[in-house]
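Participant: missing the sequence, but the structure's below:
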């Protein structure tokens, strides 16, 4: 129902009624006439014999409709008519049934109003002048300078750390410290398996003894045997070679026990990850970090990257201490983005931590907020959509 105009919403038994059919043309005229007969919100029974039907409607009623129709106005609480429900019946329904169905009509009216009503914001419908003023104010707000910022995952690391690598190729036999354990100078860290080296040392010891015995025997025969004098140089060189190999193996055995070169914290994942694992010479086993010089290691995704210079301010909100942010400044940025452990292409940034509070412990994670230069609010809001548009369109 739209004022005096009527719009057909549904016809029982028809999925999609044809608008130019004779029945629907007549139905449009009949619904307009019936709507004029209903002056209040009460359902009304209209019998064909009791109505003074226009001639244009009488023939169609007798052909398509039964003797009567129950008309139910669907109205809002304030009296505005939303629509009209017409039930075609052979006889008038009892009054008791209409009383019971009163809640159904009200539910229909409420649902109809809720689905079709377009609420206005706080009852305010702006005029054209107000819309222009609002657009002007919004445009001026886009010119407000704001500070550009970005969020990125971060971790507390040490600015000064040493890599502790395996001195030998072999298998790790024992890890003598726990992850994140504080150590002092000379504290044993780990020990490779020495079985192969000790066996090699014993074999070389025997070979050195054999070489020395051969050299001694050749020296004694050299007094009266010219052939033995010619072998002295060869046997002496072989003895020196075996002795040098033995010294090298003994030197490796002396370096097999790895100790801490300085005081710090042993940083590695888990001792069980290394026990019995074959390693090569120079492979990194752990790091020795200095807890007195903490820093922020930030992984800034390429999609969120902003222009940052060394000295830009950073605020780190730790997951464990969200109400105690750490402040610092950018120390260095990576030249090239790389894929991190989470599979995200990101730039690696290192930032200082001012005053180094007690809760700035190594290994804690959080979210870092990086502050760049000041830009217009419009650029700040549209930077990423513009970048995505350029990447998609190539313009």
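Facilitator: Looks like it arrived, so ask away. It should be emphasised that the depicted structure is a prediction, and the values quoted were computed from it without experimental measurement.

Participant: Tell me the first helix or strand C-terminal of the helix-or-strand element of the chain with minimal mean pLDDT.
Facilitator: Least confident element among the helices and strands of the chain, by mean pLDDT, DSSP states H and E: helix 226-255 (a mean of 76). Tracing the chain C-terminally past helix 226-255 and defining elements by DSSP states H and E, one meets strand 258-259 next.

Participant: Beta-bridge partners for the nearest residue to residue 322 once chain neighbours are set aside, please?
Facilitator: Spatial nearest neighbour of residue 322, excluding adjacent residues (Cβ to Cβ, 6 or more residues apart in numbering): residue 366 at 8.0 Å. Heads up, the C-betas are built off the backbone N, CA and C, glycines and all. Following DSSP bridges, residue 366 is listed with bridge partners residue 154, residue 318.

Participant: For residue 151, see how far away residue 366 is.
Facilitator: Taking Cβ to Cβ, to the nearest Å as the criterion, residue 366 is separated from residue 151 by 11 Å.

Participant: And residue 238, by the same measure?
Facilitator: Between residue 238 and residue 151 the computed distance is 69 Å (Cβ to Cβ).

Participant: Look at the two and report which has more neighbours.
Facilitator: Regarding residue 238 and residue 151, a neighbour count based on other Cβ atoms under 10 Å identifies residue 238 as having more, with 17 against 13.

Participant: Contacts only, for that one.
Facilitator: Residue 238 makes contacts with 211, 214, as judged by Cβ atoms under 8 Å, 6 or more residues apart in numbering.

Participant: Repeat that for residue 192.
Facilitator: Residues in contact with residue 192, defined by Cβ under 8 Å, 6+ apart, are 166-168, 170-173, 256, 279.

Participant: Return the subset of those residues lying in helices.
Facilitator: Judged by DSSP state H, those include no members of helices.

Participant: Just the closest of these to residue 394, please.
Facilitator: residue 279 (48.8 Å; Cβ to Cβ).

Participant: And for the closest one, the neighbour number?
Facilitator: The local packing of residue 279 (other Cβ under 10 Å) involves 18 other residues.

Participant: re earlier: if I look at the residue nearest to residue 322, how far off is residue 155?
Facilitator: Taking Cβ to Cβ as the measure, residue 366 and residue 155 are separated by 8 Å.

Participant: what's the answer for residue 51, then?
Facilitator: Distance from residue 51 to residue 155, by Cβ to Cβ: 85 Å.

Participant: Now residue 73: which helix or strand?
Facilitator: Residue 73 is part of strand 68-75 when elements are defined by DSSP H and E.

Participant: So what's the gap between that strand and the chain middle?
Facilitator: Using Cα atoms, centre = their mean, to the nearest Å, the mean C-alpha position of strand 68-75 is found 56 Å from that of the whole chain.

Participant: Same check on stretch 335-349?
Facilitator: A distance of 15 Å separates the C-alpha centroid of stretch 335-349 from that of its chain, computed with Cα atoms, centre = their mean.

Participant: Just the buried positions in it, please.
Facilitator: For stretch 335-349, the buried set under the neighbour-count rule, 16 or more other Cβ atoms under 10 Å, comprises 337, 344, 346-349.

Participant: and these as TSV, adding distance to residue 355, secondary structure and pLDDT?
Facilitator: Shown next, in TSV, are the buried residues of stretch 335-349 (distance: Cβ to Cβ, whole Å; DSSP: H, G, I helix; E, B strand; the rest coil; pLDDT from 0 to 100):
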residue	distance to residue 355	secondary structure	pLDDT
337	31	coil	86
344	31	coil	85
346	27	strand	91
347	26	strand	90
348	24	strand	91
349	20	strand	91
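
Participant: hang on, the earlier thing: in terms of secondary structure, what does the strand holding residue 73 contact?
Facilitator: In terms of contacts (3 or more Cβ pairs under 8 Å, 6 or more residues apart in numbering; DSSP states H and E), strand 68-75 is packed against helix 22-37, strand 44-47, strand 81-89, helix 102-116.

Participant: Next, the angle helix 22-37 makes with it.
Facilitator: Taking axes from the mean of the first three to the mean of the last three Cα atoms, to 10 degrees, strand 68-75 and helix 22-37 form an angle of 60 degrees between their directions.

Participant: can you list contacts of strand 68-75?
Facilitator: 1, 34, 37-38, 40-48, 81-93, 105, 108-109, 112.

Participant: pLDDT (mean, whole number) over that strand?
Facilitator: Throughout strand 68-75, pLDDT has a mean value of 83.

Participant: Tell me which strands it pairs with, and in which orientation.
Facilitator: Using DSSP bridges, strand 68-75 pairs in its sheet with strand 44-47 (antiparallel), strand 81-89 (antiparallel).

Participant: Need those strands in a markdown table (columns: mean pLDDT, distance to residue 187 and mean neighbour count).
Facilitator: Compiled in a markdown table, the strands paired with strand 68-75 are given as follows (pLDDT from 0 to 100; distance: least, Cβ to Cβ, whole Å; neighbours: other Cβ atoms under 10 Å):
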| stretch | mean pLDDT | distance to residue 187 | mean neighbour count |
| --- | --- | --- | --- |
| strand 44-47 | 84 | 98 | 16 |
| strand 81-89 | 81 | 84 | 15 |
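
Participant: Distance to residue 97 added to those, as CSV?
Facilitator: Formatted as CSV, the strands paired with strand 68-75 follow (distance: least, Cβ to Cβ, whole Å):
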stretch, distance to residue 97
strand 44-47, 12
strand 81-89, 11
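
Participant: Does anything pack onto the strand or helix carrying residue 201? Which helices or strands?
Facilitator: In this assignment (DSSP H and E), residue 201 forms part of helix 195-221. Under the contact criterion of 3+ Cβ pairs under 8 Å, 6+ apart, helix 195-221 touches helix 226-255.

Participant: In contact with residue 353, which residues?
Facilitator: Residues touching residue 353, when contacts are defined by Cβ under 8 Å, 6+ apart, comprise 156, 294-296, 316, 326-328, 360.

Participant: Tell me, please, where in the stretch 1-150 of the chain the pLDDT is lower than the cut-off.
Facilitator: Along the stretch 1-150 of the chain, the parts satisfying pLDDT under 70 run over 1-19, 117-124.
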